[in-house]
Structure formats: C-alpha cells, structure tokens
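Visitor: model this:
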Amino acid sequence: MQTDLLSIGDNRVRDRYRALVRLCFDVGYRGIGQIHRERQIRDVRGYLRYVQFTLEAVIDGSTLPSDYAAPVLERSDSTPWLPPVLPWHWQDPADGS
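Guide: The predicted structure follows:
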C-alpha cells in the first residue's frame, strides 16, 4: 500500500492509481466481495482498464477520461463495474476481454 506514482504530477491520475491498488488489496488480502467472485474479478479488471486508459491519456498528452468512482466491492448487484464511457478499443474482440 506504499505504492505511488511520484513521476506523475496530476493528482487525479495518482488518485485513480491509488484506488486501483486499494481495490487489489481489498480483493487479494482482505477478501472483500468474495460472495460475488466473478463480478469481483470483473470489477477490478474494469477499473484496471480505466486506469490504463487514464495512463494512455497521460502518455499521449490527451484529455483525461472523466472521473468515475471506483467500484464498491460489497454490493448485491451482479453487474460488473464499467465506466459509462468506453474507449473504442475496449470493444475490440482481439484484446481478449
């Protein structure tokens, strides 16, 4: 939990990365949301891709994607978390998702 992106000055990007680390810790170590294991995995994968999309924007120098709250792992809904706006390449069947 001591991971940080010190080379990136944008607090929004750092906050998203911290949220990803927290999600992984909550799933892997604390076991939060294990009742819905498949959804839990998809939640983390969806948020990971959102953070990847954010980092792509930083690298490309383009506008960051809109802010979305990280998924809540303990919920009754079985629908996996996805940001409302998806980049076109998330729908590419060649990416294996």
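
Visitor: and N11, how many neighbours?
Guide: The number of residues packed near N11 is 9, by other Cβ atoms under 10 Å. All C-beta spots, glycine's among them, are computed from the backbone N, C-alpha and C.

Visitor: make 6 the starting number, not 1.
Guide: Sounds good: first residue 6 from here, last item N16.

Visitor: and it, what is it in contact with?
Guide: Listed by Cβ atoms under 8 Å, 6 or more residues apart in numbering, the contact set of N16 is empty.

Visitor: quick one: contacts of the worst-scoring helix or strand of the chain on mean pLDDT?
Guide: The weakest-scoring helix or strand in the chain, judged by mean pLDDT, DSSP states H and E, is helix 42-65 (a mean of 89). Helix 42-65 is contacted from outside by 13, 15, 17-18, 21-22, 24-25, 28-29, 32, 37-39, 68-70, 73, 75-76, 78, 82-88, 92, 95, 102, using Cβ under 8 Å, 6+ apart.

Visitor: from those residues, which ones fall inside helices?
Guide: Within the contacts of helix 42-65, residues falling in helices by DSSP state H are 17-18, 21-22, 24-25, 28-29.

Visitor: please convert the buried members of those into PyMOL selection syntax.
Guide: In PyMOL syntax, the buried subset of these is picked out as below (16 or more other Cβ atoms under 10 Å):
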select buried, resi 18+21+22+24+25+28
